[in-house]
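A.B. asks: Quick one: sequence plus predicted model below, questions after.
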Number of protein chains: 2
Amino acid sequence: MSLRHALLGLLVDRTASGYDLMKLFDTSLANVWPATQSQVYGELGKLDTTGLVEVVAEGPRGRKEYGLTPEGLAELRRWLVEEEGSRPQRSETLLQVFFLGVLPKNQAVARLLRQAGTAARQHAGLAALKESVDWEDGMLSVNGRLALEYGLRLRAMEEEWARWAADEVLRKGSGRAADAEDAPAEAPES
Amino acid sequence: MSLRHALLGLLVDRTASGYDLMKLFDTSLANVWPATQSQVYGELGKLDTTGLVEVVAEGPRGRKEYGLTPEGLAELRRWLVEEEGSRPQRSETLLQVFFLGVLPKNQAVARLLRQAGTAARQHAGLAALKESVDWEDGMLSVNGRLALEYGLRLRAMEEEWARWAADEVLRKGSGRAADAEDAPAEAPES
DNA sequence: GAGGCCATGTAACATGTTACATGATTGT
DNA sequence: ACAATCATGTAACATGTTACATGGCCTC
């Protein structure tokens, strides 16, 4: 139930409407905990019922501005201290690596190099983000910087790994060699 | 819909019952794509209906042994070649980092060092696994080795990052300093 | 004959995604 | 007045988790 805690966390610094929170999700939390509009409104309702947040003001267009209650802040602290961040994390990419052997060697290599390219692009995106953000900001930015650094290191590692893996497959082979029936490998996008 | 493809992938090398597949999930795929028993049986039923797998033998205790059909193999190949492994990946750990500012500095540092310890333990676990596996095995092991290496690099990166982040928080501060109202930080487990 | 493993399934619930529906307000 | 943006919500569906239910087979 982390969406709940993401909302509580965002409400520490400010009061906000569901609409405002959606924008915050799309900007600050997009890479860490994406959420859809339905989810946000639904969860806000539940949090209100539970008493972890409350409506502190109403505005035009039925706008409801929520604020954190003392109970909400306590719950957020409890979560930060007690909860082990360890839900099972699935990786579709790695799953595909597992079965790469059913592809002819050249296609398997192409696939891995494509992944290297994707990781490199993501790395570049985060690097650009790092430049564009004003890091003198509030609490969220301070710690957001730590999260961003994680992303940078992760993508760098992924690119390096994918290149290494492609090389391994090339040298040691991963299953079937290309035969006449198989389509030739496409060149990896540069 | 990757569970579907995980099942198809496992059935490339062998025929197997739902029960057998569960064991394979718990051993080879546990760290990459965990699945529960309900999911496996449910999805096998759908795959059978769709014609991507078929019952090739029946055994005692109502055992149904499934095998891959040509259509199933084709679908697996299509997935490997076409599908970008890029579903939004959530990280509860990073989400917690984002809101670390609501904790007093010493608790925030303790939290990060705890994460470093967890990553180190996971790294050790994978290293032990690497030793214990017979890598001369089938296709699955060959590529499983690549996935394992990813895990090793990931956990190493995480430990290093967490130590770096703890140091950053210590030096630059992350929000509130500890005050009399806050509980003292516990020593990070060694 | 008893306990453990093999084997399959269902039900209830939580979470997440996509699409649809509705309308008020603001700026030009 | 028209479009863009603000603003909230519902419905249907897919995926994943936990718990329950049932019973056959094998070994000691």
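C.D. replies: Thanks, I have it.
A.B. asks: Stretch A:147-154 near chain B at all?
C.D. replies: Yes. Applying CB under 8 Å from any CB of the partner chain, one finds stretch A:147-154 touching chain B at A:Ala147, A:Glu149, A:Tyr150, A:Arg153, A:Leu154. C-betas here are computed from N, CA, C, even on glycine.
A.B. asks: Where helices are concerned, which of these count?
C.D. replies: Those of those mapping onto helices are A:Ala147, A:Glu149, A:Tyr150, A:Arg153, A:Leu154, per DSSP state H.
A.B. asks: of all these, which comes closest to A:Glu168?
C.D. replies: The shortest approach to A:Glu168 among these belongs to A:Leu154, at 20.6 Å (CB to CB).
A.B. asks: Can you tell me the SS state at A:Glu54?
C.D. replies: strand (DSSP: H, G, I helix; E, B strand; the rest coil).
A.B. asks: Spatially nearest residue to it, not counting backbone neighbours?
C.D. replies: A:Thr69 (5.4 Å; CB to CB, 6 or more residues apart in numbering or on different chains).
A.B. asks: Please apply the same query to A:Leu170.
C.D. replies: Nearest non-adjacent residue to A:Leu170, counting by CB to CB, 6+ apart: A:Val109, 5.6 Å away.
A.B. asks: Quick check: which element contains the closest residue in space to A:Val133 that isn't next to it in sequence?
C.D. replies: For A:Val133, ignoring the flanking residues on the chain, the nearest one in space by CB to CB, 6+ apart is A:Ser141 at 6.7 Å. Counting by DSSP states H and E, the element that carries A:Ser141 is helix A:139-172.
A.B. asks: Give the buried residues for that helix.
C.D. replies: For helix A:139-172, a neighbour-count test (16 or more other CB atoms under 10 Å in any protein chain shown) marks A:139-159, A:161-166, A:168-169 as buried.
A.B. asks: Which parts of chain A are helices?
C.D. replies: A:2-10, A:18-27, A:37-50, A:70-82, A:92-98, A:105-132, A:139-172.
A.B. asks: The closest residue to A:Glu149 other than its chain neighbours and DNA strand C, how far apart?
C.D. replies: Take A:Glu149 and drop its neighbours on the chain: the residue closest to it by CB to CB, 6+ apart is B:Trp161, 6.8 Å away. Distance of B:Trp161 to DNA strand C, computed by CB to the nearest atom of the strand, to the nearest Å: 23 Å.
A.B. asks: Ok, A:Asn31 next?
C.D. replies: 13 Å.
A.B. asks: cool, and A:Leu152?
C.D. replies: 23 Å.
A.B. asks: picking up where we left off before, assess the claim that the residue nearest to A:Glu54 and A:Val56 are in contact.
C.D. replies: No. Contact criterion CB atoms under 8 Å: A:Thr69 and A:Val56 do not qualify, at 9.7 Å.
A.B. asks: In terms of neighbours, single out the busier of the two.
C.D. replies: A:Thr69 (19 against 14; other CB atoms under 10 Å in any protein chain shown).
A.B. asks: Quick one: residues contacting that one.
C.D. replies: When contacts are counted by CB atoms under 8 Å, 6 or more residues apart in numbering or on different chains, A:Thr69 touches A:Gly51, A:Leu52, A:Val53, A:Glu54.
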